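**Student:** Whatever this is, show me its structure:
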Amino acid sequence: MEYSVGQTGRVIAARLFEGEDLYESIEQIATNERIRCAAVLITGGFRKADVVVGPKQEEPKIEPDFRTFTGPGEAFGVGTIYCDDNGPKLHLHAAMGRGGQDIVGCPRGGAKTFLILEVTIVEIVGIEASRKLDPATGWNLLRVG
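**Tutor:** From the prediction side, this is the model:
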């Protein structure tokens with residue numbers, strides 16, 4: 001286990017509009033505001049999203065299992081922002097649904113806003129944390145300290 005203790009910095013409230021991309025929008029805010037570490041909350045709606053719902057396989061290499069959420073529908077989620085070598089990166093898991101179609105996972109691949117998506121970003125200051133390449137997975141994973 002790795003961990004570090006920090007404090008709350010700025011709190012940013014944002015509204016995403018119809019069709020805006022979840023990842024592009026939040027990462028742009030983080031870049032503009034020079035946020036390196038943060039917790040993220042979202043509430044609102046998704047028009048559509050390709051969602052990682054777990055691994056298709058774990059060996060020899062983890063392969064993500066995608067499902068398509070076709071809204072419009074409701075969504076809420078929690079995530080983090082930590083920087084890799086290219087800047088702030090959002091990692092978020094969400095629940096979304098419409099009628100009987102419910103999906104929980106990591107919305108990627110063009111998660112688009114339906115009508116409104118309320119975003120709260122809580123900056124974390126006083127820690128050193130970033131996403132670094134993990135040779136075993138090939139993914140940029142969180143490293144603390």
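
**Student:** contacting residues around Phe114?
**Tutor:** By CB atoms under 8 Å, 6 or more residues apart in numbering, the contact set of Phe114 is 18, 44-47, 71-73. Placement of C-beta: from N, CA and C, glycine included.

**Student:** Check it and give its pLDDT.
**Tutor:** As predicted, Phe114 sits at a pLDDT of 98.

**Student:** where's the residue nearest the centre of the chain relative to Glu58, distance?
**Tutor:** Relative to the mean C-alpha position of the chain, the nearest C-alpha, by CA atoms, centre = their mean, is the one of Leu92, at 2.6 Å. Leu92 is 22 Å from Glu58, where distance means CB to CB, to the nearest Å.

**Student:** if we can go back for a sec, go ahead and build a PyMOL selection from the buried members of the contacts of Phe114.
**Tutor:** Buried members of these, defined by 16 or more other CB atoms under 10 Å, are picked up in PyMOL with:
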select buried, resi 44+45+46+47+71+72+73
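
**Student:** what would the contacts of Phe114 look like in TSV with pLDDT?
**Tutor:** Putting the contacts of Phe114 into TSV (pLDDT from 0 to 100) gives the following:
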residue	pLDDT
Glu18	98
Gly44	98
Gly45	97
Phe46	97
Arg47	96
Gly71	91
Pro72	96
Gly73	97
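
**Student:** ok now the helix or strand where Ile26 lies, how far from the chain's centre?
**Tutor:** Applying DSSP states H and E as the criterion places Ile26 in helix 22-32. Relative to its chain's centre, helix 22-32 lies at 10 Å (CA atoms, centre = their mean, to the nearest Å).

**Student:** Can you give me the buried ones in the helix or strand following that helix?
**Tutor:** For helix 22-32, the following helix or strand on the C-terminal side (DSSP H and E) is strand 37-57. Within strand 37-57, the residues that count as buried by 16+ other CB under 10 Å are 37-38, 40, 42, 44-52.

**Student:** which strand of the chain spans the most residues?
**Tutor:** Assignment by DSSP state E gives strand 101-125 as the longest strand of the chain.

**Student:** what is the orientation angle of the helix or strand just after it with strand 37-57?
**Tutor:** On the C-terminal side of strand 101-125, the nearest following helix or strand under DSSP H and E is strand 129-134. Strand 129-134 runs at 30 degrees relative to strand 37-57, counting by axes from the mean of the first three to the mean of the last three CA atoms, to 10 degrees.
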